[in-house]
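> next come a sequence and a model predicted from it.
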Amino acid sequence: MASDNNVYSRKATLSLKISEFEVPPMQDLLIIGRKAPIGPEAVRRMADALSPEQFTLLKMNHPKIEAVLLRNTLLQMIDEKLLMKIILEEAERMISDSMVLRSELKIALSVQREVDLL
Amino acid sequence: MNISDIMTTTICTITSDKSVSYAAERMNESHVDSLVVMDHGEVLGMVTTRDVLSAHPNRIVADAMSSQPFYLSANHNVWEAYHALHQEQNGLALVKQEDQLIGFITKEIVEMKIAEYRDPLSGLYRAPYIQFIGENFLKERKPFHLLFIDLNDFGRINKLHGHPFGDDVIRTYSSVLSSLAEEQGDYLCRYAGDEFVLISTISDEQIQEYITLITRPTNVLDVFVSAAVGHVNGYNTPDFFARSWRELIAEASLGSSAAKLSKSLSSTVG
């Protein structure tokens, strides 16, 4: 039989994780699907607000991909057409039109030269 | 009729940073099908129910709107608006007067107005249409042939066979004229009763063949129908552009009356 002296209590447990917010949060590039919840103009405004003049938005004529946001330094290192060809080739295999993909893209130059000895 | 007479003057606006779902709510609350997208007083475009339905609700309006706003002047008439909106993908235009946004107009509204100018019996446009085309040509100083086509003895057909049969003749004859006009890219209207007006830009030689064809008795529903044609040739009339549309129509119609009187089937005036 339940006693009238039973104690009733409500408690909540808090879990707190703190980590550094990466600026900008989108790394080197974002690939935006045609029906993605965030569109190219919103992405451009976000990039401009977080990292002014550091990103370029390229609109695509592609059935699934509406636009690609690219870090400007990448475009300075490698030809835009070549870069986009590689990005689209790889991205279109996994993206659906409702997705936004983010990607890290590092370019490392490897040089080996032979010179005649004097 | 100018589009300022039929446009929607209530303009609901939204800023480009609002969400698509907010735009949908706003349209619903305001009972409108489109919103003008404005940032800091500058018009960026329009967002329509179609845009809202096809975009993700989380997107901002800037990513859902039609990017290039299409403008018409308040002084444009319904025919100009009709032609312009048919080439416009969204079928929607903002209306400006002296750089001031005063309303918007849709293809549907214009089409409803245009339908009032269509003759229900023949399916052809009525006189205001050909007046619009003619005045436009005159304004742009483009020469043209103006034909006033008046059926011969149409009253007799009505008396002999009854008015419903007369209506059938008008309907069939209109469709013959209409297919001729369409072939040549000409403009045609049923001006009144058994009278038609045609504007054409074909060569002199072709127009003579045309007139011969129209004036020649044609079997329409087992009755031979011919027409008297008044012709004003804008290519060889010296003061053609100095005349008003009213004067040109008067001249063409008098030409067709003269053709009837002289029993000639065709006459060329000017």
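That came through, no problem.
> for the chain, just list every one of the strands.
In the absence of a named chain, this looks at chain A. Here chain A has its strands, by DSSP state E, at A:29-33, A:55-59, A:65-71, A:100-103.
> chain B was what I was after
Under DSSP E, chain B gives strands at B:13-14, B:34-39, B:42-48, B:71-73, B:92-97, B:100-106, B:145-151, B:187-192, B:195-200, B:218-220, B:223-225, B:227-233, B:266-269.
> to chain A, which of the ones you listed lies closest?
strand B:42-48 (10.1 Å; CB to the nearest CB). (Glycine included, C-beta is placed from N, CA and C.)
> buried set for that closest one?
The neighbour-count check on strand B:42-48 (16 or more other CB atoms under 10 Å in any protein chain shown) flags B:43-48 as buried.
> ok, now stretch B:187-204?
Here stretch B:187-204 shows B:187-191, B:194-201 as buried, counting by 16+ other CB under 10 Å.
> what's near enough to touch the nearest residue to B:Thr15 once chain neighbours are set aside?
The shortest distance from B:Thr15 to any residue other than its chain neighbours is 5.6 Å, reached at B:Asp39 (CB to CB, 6 or more residues apart in numbering or on different chains). By CB atoms under 8 Å, 6 or more residues apart in numbering or on different chains, the residues touching B:Asp39 are B:15-17.
> show the buried residues in those residues.
For the contacts of B:Asp39, a burial check counting by 16+ other CB under 10 Å picks out B:15-16.
> turn the contacts of B:Asp39 into a markdown table, columns for pLDDT.
What follows is the contacts of B:Asp39, written out as a markdown table (pLDDT from 0 to 100):
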| residue | pLDDT |
| --- | --- |
| B:Thr15 | 96 |
| B:Ser16 | 95 |
| B:Asp17 | 95 |
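> leaving out the residues flanking it, which one is nearest to the residue of the stretch 151-270 of chain B found nearest chain A?
Nearest residue of the stretch 151-270 of chain B to chain A (CB to the nearest CB) works out as B:Gly185 at 33.9 Å. Take B:Gly185 and drop its neighbours on the chain: the residue closest to it by CB to CB, 6+ apart is B:Thr201, 7.7 Å away.
> from A:Leu50, how far out is the residue in the stretch 51-200 of chain B that chain A sits nearest to?
Nearest residue of the stretch 51-200 of chain B to chain A (CB to the nearest CB) works out as B:Asp63 at 2.6 Å. Note on B:Asp63: its distance to A:Leu50, by CB to CB, to the nearest Å, is 18 Å.
> quick one on the thing from earlier: burial check on the residue of the stretch 151-270 of chain B closest to chain A, number of neighbours?
Using other CB atoms under 10 Å in any protein chain shown, B:Gly185 has 9 neighbouring residues.
> would you mind listing what in the stretch 51-200 of chain B touches chain A?
Selection of the stretch 51-200 of chain B residues close to chain A by CB under 8 Å from any CB of the partner chain yields B:55-56, B:58-60, B:62-64.
> what pairs with B:Asn219 across the strands?
Under the criterion DSSP bridges, B:Asn219 forms beta bridges with B:Phe224.
> tell me where the stretch 151-270 of chain B has helices.
B:154-161, B:163-184, B:204-215, B:245-261 (DSSP state H, counting those that start in this stretch).
> what's the closest of those to B:Ala24?
Nearest to B:Ala24, of all these, is helix B:163-184, at 42.3 Å by CB to CB.
> report the buried residues of stretch B:100-114.
Residues of stretch B:100-114 classed as buried: B:101, B:103-107, B:109-110, B:113-114 (neighbour count, 16+ other CB under 10 Å).
> can you give me the end-to-end distance of it?
One end of stretch B:100-114 to the other measures 26 Å (CA to CA, to the nearest Å).
> touching it from outside, list them.
B:1, B:3-4, B:6-11, B:33-34, B:36, B:43, B:46, B:72, B:74, B:78-79, B:81-82, B:85-86, B:88, B:91-96.
> one more: stretch B:138-149?
Residues from elsewhere that reach stretch B:138-149 (CB under 8 Å, 6+ apart): B:134, B:137, B:177, B:191, B:195-202, B:207, B:210-211, B:214, B:227-235, B:240-241, B:244-245, B:248-249, B:252-253, B:255-256.
> hang on, the earlier thing: out of the residues of the stretch 51-200 of chain B next to chain A, which are buried?
Buried among those (16+ other CB under 10 Å): B:55-56, B:59-60, B:62-64.
> what ranges does chain A have for its helices?
A:40-50, A:72-77, A:80-91 (DSSP state H).
> tell me which parts of chain A are close to chain B?
Chain A has residues A:35-42, A:45, A:98 near chain B, with proximity defined as CB under 8 Å from any CB.
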